[in-house]
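**Student:** make a model of this:
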Amino acid sequence: MALTKSFKDRIQNRAARDSEFRYGLLTESIESMLSGDIDTGKSLLRDYVNATIGFEGLAELTEKSPKSLMRMVSPSGNPTAKNLFAIISLLQREEGLHLQIRTA
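**Tutor:** Numbering: from 1, shown residues only. Prediction:
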């Protein structure tokens, strides 16, 4: 199901004013991927990028085309681990986060 414009606007507006929301969106994306739900993780990562630096900004940081980055996190995208972890690393740095994995 495609997201409506108003929903996308709400995500962007909330992310712009709420650092905890941005943190939650990024961490939920990573947790989803680590638990095996790659599609949800990529979707949340795409939402996070759209709501924060955008794909143009991410493209400048990664030196990859915005379209290539969008394809990587699309439902049919299949990013390499190297590309995916590079994106996550850059997003953490931009957000001022250092995420760690702990056993539960």
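
**Student:** pLDDT (mean, whole number) over stretch 45-65?
**Tutor:** Confidence over stretch 45-65 (mean pLDDT, whole number) is 94.

**Student:** that one: how far from the chain's middle?
**Tutor:** From the chain centre to the centre of stretch 45-65 is a distance of 8 Å (Cα atoms, centre = their mean, to the nearest Å).

**Student:** check stretch 66-83 too.
**Tutor:** Worked out by Cα atoms, centre = their mean, stretch 66-83 lies 11 Å from the chain centre.

**Student:** which residue is nearest the centroid of this structure?
**Tutor:** Residue closest to the average C-alpha location in the chain (Cα atoms, centre = their mean): residue 45, at 2.2 Å.

**Student:** can you tell me the closest non-neighbouring residue to it?
**Tutor:** residue 29 (4.3 Å; Cβ to Cβ, 6 or more residues apart in numbering). C-beta here means a position set from N, CA and C on the backbone, and glycine is covered the same way.

**Student:** and the one you found, what pLDDT?
**Tutor:** 95.
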